[in-house]
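Asker: Sequence and computational prediction follow.
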Amino acid sequence: MTANPDTKPCKRKLTDSLLRVAKPYKDGKPRNYSDGGGLYLHVIPSGKFWRYNYRFPKQKTLSIGKYPAITLKLARERHEEARALLARGIDPSTYKRELQAANADSDANSFEAIAREWLFFIRVSGGNCQQ
């Protein structure tokens with residue numbers, strides 16, 4: 001399953017009612033439900049996960065999120081965003097990783113993180129703030 005970002009928008013196949021009843025094979029093996037253009041729902045006994053297969057330059061898979069937290073509509077939006085990145089020559093997996101790293105850095109400087117550090121320091125020092 002590969003998608004060429006220069007092609008027309010793909011024809012969608014999945015419906016929300018189909019996704020609600022989607023199950024893996026009876027022997028527990030994963031089952032994939034394709035929506036077209038490389039987007040599919042990967043169903044295993046422990047849950048349902050959105051994935052996108054693409055080439056950059058080799059075969060890769062982008063994990064979009066878990067269903068039902070990521071709805072069909074949102075999965076399609078993220079799929080189109082990934083296709084747009086590919087059209088600009090950007091690897092969606094690398095882009096996602098860099099975005100998560102940037103968010104982790106900003107979370108480390110949040111008020112909550114600094115307050116937790118301060119509270120930990122107070123507990124460790126026995127309440128003695130003058131050091």
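Answerer: Right, received. Where do you want to start?

Asker: Okay, and the residue lying closest to L39 once chain neighbours are set aside sits in which element?
Answerer: In space, and not counting its chain neighbours, L39 is closest to H79: 4.3 Å by Cβ to Cβ, 6 or more residues apart in numbering. (Each C-beta comes from the backbone N, C-alpha and C, glycine too.) With secondary structure defined by DSSP states H and E, H79 is part of helix 72-87.

Asker: Pull out the buried positions in that helix.
Answerer: Within helix 72-87, the residues that qualify as buried are L72, A75, R76, R78, H79, A82, R83, L85, L86, counting by 16 or more other Cβ atoms under 10 Å.

Asker: Could you dump those residues into TSV and include pLDDT and distance to L19?
Answerer: Formatted as TSV, these follow (pLDDT from 0 to 100; distance: Cβ to Cβ, whole Å):
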residue	pLDDT	distance to L19
L72	97	6
A75	97	9
R76	96	12
R78	96	15
H79	97	14
A82	95	19
R83	96	21
L85	93	25
L86	95	25
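
Asker: hang on, the earlier thing: tell me which residues in the helix or strand following the helix holding H79 are buried?
Answerer: Next along the chain after helix 72-87, taking DSSP H and E as the criterion, comes helix 92-108. Under the neighbour-count criterion of 16+ other Cβ under 10 Å, helix 92-108 has P92, S93, Y95, K96 buried.

Asker: The helix holding H79 - contacts with which helices or strands?
Answerer: Judged by 3 or more Cβ pairs under 8 Å, 6 or more residues apart in numbering; DSSP states H and E, the packing partners of helix 72-87 are strand 31-36, strand 39-44, strand 47-55, strand 59-67, helix 92-108.

Asker: Cheers, nothing more for now.
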